[in-house]
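1. got a structure for you, letters missing:
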C-alpha cells in the first residue's frame, strides 16, 4: 500500500484504489486568494496615497500640504475602513479578473498563463476611469493618473491573488513587500527633494508695496489696495455673510465699501503671510486673506465654506 492509495467504499467489500487528483490548477475562489488580493489592494492604496502626497507637495495650493507623511497619519483610518473595502474589492473585482484571465488563457493557449491577468485588468480599469471622469470631471492629466493608478492596483492585485490560488497563502509576503516599498518610496521622495530634483511649493514672499494695486475675482468684483493703507471694494463677493435660507445668489453676496488694509509678513514661512482687511458696507467688516500663487502671478485667497474641505475665493491681478 502506498501513500497515493485510498479505500474505495463504493464497493461492498472495499478495495484500495489509486488516489485521483483533480486535473488543472487549483480553483481561483479560495480564502487565500481573496485575502492575498485584499492585502495587495490595501498596500497598493497606501503606496498610491504616499506617491500622491509627494506630488501634492510640488503643486500650487492654497494651504500647505502634509506630504507623504499623511499616509502615516491616515494609516489607522485606512486600517479600520480600508480593509473591509479591500476584502469586498478583492471578492467582487480582483478574483473575477483572475477567473476571466484563466478562462481566456485556457481557451487560447490551453494553459494558465500569468500575463492574461494584467491584460484582462485593462477593461475594469478603463471602466473605473470612465466613472471617475463622469463623476468628478477632473482634467486630462488627473484623469490619466487615475486610470494608471486603477490599472496598477488591479493588475498587481490580480497577479498576487492568482499566485496565492496556485501556491497557497501570500499574506505575509504581500504585507512585507508592501511595507518595504512604502519605505523605499519615502526614501526616494526625501532624496528627490534633498537633491533639488523635486521642489516644494511655497507662496511667493511679498511686501506691502508689492500688494498695492487692483485685484479682481474675474466675475466683476474688484479690491483696490492703496499704498496709504486705504482699501475699496467694488462688488466683492462676501461669502461669510451669504444667506443660508436658500436665497444664496451671487447678487445677494456682492458688496461695495471702503476701509483699510494691513500686511502681516508672518514669522516663520511665506505660508504665514496675511492681509487684514476692514471694510464698511459689507456683511463681514473684518476679513483675513492669505497670499498664494507664484511670483509672476500672485493671488489673494480667502477661505470659506466647510471647515474640513473649504472653498477658496481668489483674487488676481
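-> Cool, got the structure. Not measured: the values here are computed from a predicted model.
2. residue boundaries of the helices in the stretch 51-200 of the chain?
-> 69-77, 83-89, 95-109, 116-120, 122-136, 140-167, 171-194 (DSSP state H, counting those that start in this stretch).
3. Can I get the ones you listed in TSV including mean neighbour count, distance to residue 51 and mean pLDDT?
-> For the C-beta atoms, the positions are set from N, CA and C on the backbone; glycine is no exception. Formatted as TSV, the helices of the stretch 51-200 of the chain follow (neighbours: other Cβ atoms under 10 Å; distance: least, Cβ to Cβ, whole Å; pLDDT from 0 to 100):
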stretch	mean neighbour count	distance to residue 51	mean pLDDT
helix 69-77	14	9	70
helix 83-89	16	18	91
helix 95-109	18	23	92
helix 116-120	21	20	94
helix 122-136	14	17	92
helix 140-167	20	8	90
helix 171-194	14	6	89
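4. got these as JSON lines, with distance to residue 37 columns?
-> Formatted as JSON lines, the helices of the stretch 51-200 of the chain follow (distance: least, Cβ to Cβ, whole Å):
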{"stretch": "helix 69-77", "distance to residue 37": "20"}
{"stretch": "helix 83-89", "distance to residue 37": "8"}
{"stretch": "helix 95-109", "distance to residue 37": "6"}
{"stretch": "helix 116-120", "distance to residue 37": "11"}
{"stretch": "helix 122-136", "distance to residue 37": "13"}
{"stretch": "helix 140-167", "distance to residue 37": "4"}
{"stretch": "helix 171-194", "distance to residue 37": "9"}
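5. Out of those helices, flag the one nearest residue 238.
-> helix 122-136 (28.9 Å; Cβ to Cβ).
6. Counting by contacts, list what that closest one packs against.
-> Using 3 or more Cβ pairs under 8 Å, 6 or more residues apart in numbering; DSSP states H and E, the elements in contact with helix 122-136 are helix 140-167.
7. by how many degrees do the helix it packs on and helix 171-194 diverge?
-> 150 degrees (axes from the mean of the first three to the mean of the last three Cα atoms, to 10 degrees).
8. measure residue 299 to residue 139 for me?
-> Remark: distance between residue 299 and residue 139 (Cβ to Cβ, to the nearest Å) = 19 Å.
9. Then residue 108?
-> 38 Å.
10. Residue 169 too?
-> Counting by Cβ to Cβ - residue 169 and residue 139 are separated by 42 Å.
11. Neighbour count: those two, which is higher?
-> More neighbours surround residue 169 than the other of residue 169 and residue 139, with 14 against 8 (other Cβ atoms under 10 Å).
12. residues contacting the more buried one?
-> With contacts defined as Cβ atoms under 8 Å, 6 or more residues apart in numbering, residue 169 is in contact with 32, 35, 36.
13. show me what contacts the second one?
-> Translated: residue 35. 87, 90, 164, 169, 171.
14. Switch these over to JSON lines; also include distance to residue 188.
-> Listed next are the contacts of residue 35 as JSON lines, based on distance: Cβ to Cβ, whole Å:
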{"residue": "87", "distance to residue 188": "30"}
{"residue": "90", "distance to residue 188": "28"}
{"residue": "164", "distance to residue 188": "28"}
{"residue": "169", "distance to residue 188": "30"}
{"residue": "171", "distance to residue 188": "26"}
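15. Let me know how buried residue 37 is, in neighbour terms.
-> 32.
16. Could you report the pLDDT at it?
-> Note on residue 37: pLDDT of 93.
17. Within the helices and strands, which one has it?
-> Element membership of residue 37, judged by DSSP states H and E, is helix 31-58.
18. Would you mind getting the angle between that helix and helix 140-167?
-> Using the same axes, to 10 degrees: helix 31-58 against helix 140-167 is 160 degrees.
19. where are the low-confidence patches of the stretch 151-300 of the chain?
-> The stretch 151-300 of the chain contains residues with pLDDT under 70 at 240-252, 283-286.
20. hmm, 80 instead?
-> 168-170, 239-253, 266-268, 281-286 (pLDDT under 80).
21. which residues of it fall in strands?
-> 213-216, 222-225, 230-237, 254-264, 274-280, 286-293, 298-305 (DSSP state E, counting those that start in this stretch).
22. So which bits of the second one are buried?
-> For strand 222-225, the neighbour count (16 or more other Cβ atoms under 10 Å) marks 223, 224, 225 as buried.
23. swap in the third one?
-> Burial within strand 230-237, assessed by neighbour count using 16+ other Cβ under 10 Å, is assigned to 231, 232, 233, 235, 236, 237.
24. Go ahead and measure how far it is from the middle of the chain.
-> Chain-centre distance of strand 230-237: 37 Å, with Cα atoms, centre = their mean, to the nearest Å.
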